[in-house]
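*Asks:* Please find the sequence and the predicted model below.
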Amino acid sequence: MPKSAPEDRETEGPLDESEANPVRPYVDLGGIKILPREGLHLRLEIEEGSKRVVAIGLDFAGSTLQVQPFAAPRSSGLWHEIREQIADQIGKQGGTTTPREGPFGPELVAEIPVAAGQQAGGVTRLARFIGVDGPRWFLRGVIAGEGAIDPDAATQIEDLFRSIVVVRGSTPMPPRDLIPLRMPATPAGASETTAV
């Protein structure tokens, strides 16, 4: 599968560690680094059994961005394949997905049913699935809240996604393995939440 990424990824992000400015005050979360910004709240999503960090949640400007970095092959991308799997998965949950072209290339806009007790109310929430293939990594983002609906809010959360630096490391890893994430050394405004 070919790689899927914006043409200006190497300069505008999401960046590989080798492309990032080492002087900037990044918060180091292992597989990714985040630039602190006013109003940004960071959450670590922890897998209950293993207690490992499985995703980073970023709350910013009325939106939520969940990010996960994965190992990927050097020459091919994962996003085209993963998009199809996400669409299948959401379809099985009774939701719908609409493919569209976004600022990072192809993305999925999903309407996901929300379990609201036993009543048969068709309550759904909107989410945008975005993905970028980088050098030996793939970064997936899920945007919910204002950034999934409002164009101005979307621009702010897309800018946040672009500011992420992926630290692939030199350890051999099978494609699709989650690049290990960890707590920041100084938990500035970070709070633990358990992934459901």
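*Replies:* Received the coordinates, thanks. Here the structure is a predicted model, which means the values were calculated and not measured.

*Asks:* Next secondary structure after the lengthiest helix in the chain?
*Replies:* The single longest helix within the chain, with elements called by DSSP state H, is helix 79-92. Toward the C-terminus, helix 79-92 is succeeded by strand 96-102 as the next helix or strand (DSSP states H and E).

*Asks:* Please name the strands paired to the helix or strand following that next one in the sheet, noting orientation.
*Replies:* Using DSSP H and E, the helix or strand that follows strand 96-102 in sequence is strand 105-113. Strand 105-113 sits in its sheet next to strand 96-102 (antiparallel), strand 124-134 (antiparallel), going by DSSP bridges.

*Asks:* can you give me the strands for the protein?
*Replies:* Counting by DSSP state E, the segments of the chain that form strands are 15-16, 27-28, 32-34, 41-46, 53-60, 63-71, 96-102, 105-113, 124-134, 137-145, 165-166, 190-194.

*Asks:* hey, least reliable of these by pLDDT?
*Replies:* Of all the strands of the chain, the minimum mean pLDDT falls on strand 190-194 (a mean of 46).

*Asks:* ok, the closest residue to I157 other than its chain neighbours - how many residues close by?
*Replies:* Leaving aside its chain neighbours, I157 sits nearest to G147 (3.6 Å; criterion: CB to CB, 6 or more residues apart in numbering). Every C-beta, even on glycine, is put in place using the N, C-alpha and C of the backbone. Neighbour count for G147, taken as other CB atoms under 10 Å: 27.

*Asks:* before we move on, what about the one 3 residues further on?
*Replies:* Using other CB under 10 Å, D150 has 15 neighbouring residues.

*Asks:* contacting residues around it?
*Replies:* Residues counted as contacts of D150 (CB atoms under 8 Å, 6 or more residues apart in numbering) are G62.

*Asks:* Check what pLDDT it gets.
*Replies:* With respect to pLDDT, D150 scores 96.

*Asks:* Backbone dihedrals for it, please?
*Replies:* phi -100, psi 130 (degrees, to the nearest 10).

*Asks:* So it versus P25, what's the distance?
*Replies:* 29 Å (CB to CB, to the nearest Å).
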